[in-house]
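In: here you go, sequence then predicted model.
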Amino acid sequence: MNRMLVQLGKTDLLVSRICFGSWQLSPKFWGEIDLEPWREAIKKALDVGVNFIDTADAYGDGHSERELGKFLRRENLRDEFVLATKFYWNFEKDQRHPDTSYDYILRECEASLKRLQTDHIDLYQIHSWDPLTRPDEVALALNKLRRQGKVRWFGVSNLNPEQMRLYMQHMDVECLQPPYSLLDRRMEDAELPFCLSQRMGVITYSPLFRGILSGKYAKDHTFQDPRSNNPYFTGEPLKRLLEGVDEIRPLAEKHHLTPAQFAVRWILTHPAVTSAIVGIKNAEQIETIAPAAEKTLPTEDWHKAAKIMSRAKKEADKML
Ligand SMILES: NC(=O)c1ccc[n+]([C@@H]2O[C@H](COP(=O)([O-])OP(=O)(O)OC[C@H]3O[C@@H](n4cnc5c(N)ncnc54)[C@H](OP(=O)(O)O)[C@@H]3O)[C@@H](O)[C@H]2O)c1
């Protein structure tokens, strides 16, 4: 059981190294999932030392925030968790589009607070880069929300260092949420070093590459949810990626880890990374991933695994 909490960047937030990802409540991307096992997972999270939840207003157009809010209120658990959410996708009308305008941010923050049934958001993140709104306009809205006590700290997601710098001229940016995994190492050259240099927190998403790195699927597995539309999740590319996972199995076993735990421990070994956000559907998933946070990997094994999965990814890419 991991009860170790770490400081998120320069904030006063103390978070677990595993963060509970709740994008899974977005039927468009994950199909309909059962809510009762998911609710049990939230309770289980606390038992296994996970006190950090990531969501977004856009996950299921409010569904994820709404269900979280209902459950945390019903069980009186709001104050047990550090709650991170995001804004960016305006889904008020049928055609969703990026929107980080002053008025929209103020309106959408109220909507998130209402859905989450809370009076404050611990970490409010800009979901992605909006080319049409000036960073000083965004900061005006966010700094107002902070003065009102509705938001404690700000983060960003999917931004490069230059974009982060633009926001930082007008507001504090304490945390980056980038994709990062054994199958997606694009952040290593610029974003992760930048965050280290700024003493920012980093909470990485898709640590299992949406499940592939868990090692639980057979090579001819057919995904029954919208992942089947992703070319990495079918046919030859899937087979190549899963061959890579088979190759790292002995390394995982050497450390008494499942492939899923190994993949997450690999991420948490990077010195820039504060927490890995794992997408959770049931109590077993949060319980079995929690031990990944207990230690780090030896350098040699970290590089060995990276090399194996980089090769598998290159081979899969050739099949796309
Ligand atoms: N900021 C952004 O733009 C952004 C983008 C994507 C995600 N995120 C955040 O990051 C979170 C995680 O990313 P993700 O959902 O893309 O992918 P992920 O965490 O890499 O994969 C999630 C999938 O892994 C499997 N899994 C989870 N725990 C497991 C365990 N203990 N053992 C075996 N398999 C396990 C489940 O697959 P099955 O469904 O097959 O059981 C689950 O649906 C999201 O929930 C969200 O909060 C943010």
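Out: Yes, it's here.

In: tally of neighbours for the residue in the stretch 1-150 of the chain that the ligand sits nearest to?
Out: When scored by C-beta to the nearest ligand atom, the stretch 1-150 of the chain has G21 as its residue closest to the ligand, at 2.5 Å. In short, each C-beta sits where N, CA and C put it, glycine included. G21 has 23 neighbours, counted by other C-beta atoms under 10 Å.

In: wait, it touches A276, no?
Out: No - G21 is beyond contact range of A276, at 9.1 Å (criterion: C-beta atoms under 8 Å).

In: look up phi and psi at T133.
Out: Main-chain torsions, T133, degrees, to the nearest 10: phi -120, psi 130.

In: ignore the last one, L182
Out: Dihedral angles (degrees, to the nearest 10) for L182: phi -60, psi -20.

In: that one and the ligand: what is the separation?
Out: 10 Å (C-beta to the nearest ligand atom, to the nearest Å).

In: so for that residue, what's the pLDDT?
Out: You'll see L182 listed with a pLDDT of 98.

In: next, count neighbours for the closest residue to it other than its chain neighbours.
Out: Counting by C-beta to C-beta, 6 or more residues apart in numbering, L182 lies nearest to M309, which is 4.0 Å off, once chain neighbours are set aside. The number of residues packed near M309 is 24, by other C-beta under 10 Å.

In: and the helix or strand hosting M309, does that touch the ligand?
Out: For M309, the element it lies in under DSSP states H and E is helix 299-319. No - residues of helix 299-319 are not located near the ligand by C-beta under 6 Å from any ligand atom, the shortest gap being 13.4 Å.

In: can you spell out which helices and strands pack onto that helix?
Out: Applying 3 or more C-beta pairs under 8 Å, 6 or more residues apart in numbering; DSSP states H and E, we find helix 299-319 packed against helix 235-254, helix 259-269.

In: what residues does the stretch 51-200 of the chain put near the ligand?
Out: Checking the stretch 51-200 of the chain against the ligand by C-beta under 6 Å from any ligand atom, the hits are D54, H127, S157, N158, Q177.

In: the last one and F154 touch, don't they?
Out: No - using C-beta under 8 Å, Q177 is not in contact with F154; the gap is 11.6 Å.

In: show me the common contact partners of these two, please.
Out: Q125 (C-beta atoms under 8 Å, 6 or more residues apart in numbering).

In: point out where the stretch 101-250 of the chain drops to low pLDDT.
Out: Scanning the stretch 101-250 of the chain for pLDDT under 70 picks out nothing.

In: hmm, back to that, what's next to the helix holding M309, contact-wise?
Out: In contact with helix 299-319 (C-beta under 8 Å, 6+ apart) are residues 182-183, 185, 213, 232, 235-238, 240-241, 243-245, 247-248, 251, 254-255, 262, 266, 269, 297.

In: up against the ligand, what does the stretch 201-320 of the chain have?
Out: 205-211, 214, 216, 260, 277-281, 285, 288-289.

In: highest mean neighbour count out of the helices and strands packed on helix 299-319?
Out: helix 259-269 (a mean of 24; mean count of other C-beta atoms under 10 Å).

In: tell me how far the helix or strand following that helix lies from the chain's centre.
Out: Counting by DSSP H and E, the element after helix 259-269 in chain order, helix or strand, is strand 275-279. Put simply, strand 275-279 sits 5 Å off its chain's centre (C-alpha atoms, centre = their mean, to the nearest Å).

In: which parts of the protein are helices?
Out: Assigned helices in the chain, in chain order: 27-30, 35-47, 63-74, 102-116, 135-147, 161-168, 191-198, 235-254, 259-269, 283-289, 299-319 (criterion: DSSP state H).

In: more neighbours: Q177 and F154, which one.
Out: Q177 (27 against 23).

In: pull the contacting residues for the residue nearest to the more buried one when sequence neighbours are not counted.
Out: Computed as C-beta to C-beta, 6+ apart, the closest residue to Q177 that is not its neighbour in sequence is S157, at 3.8 Å. With contacts defined as C-beta under 8 Å, 6+ apart, S157 is in contact with K86, Q125, I126, H127, S128, L176, Q177, P178, Y205.
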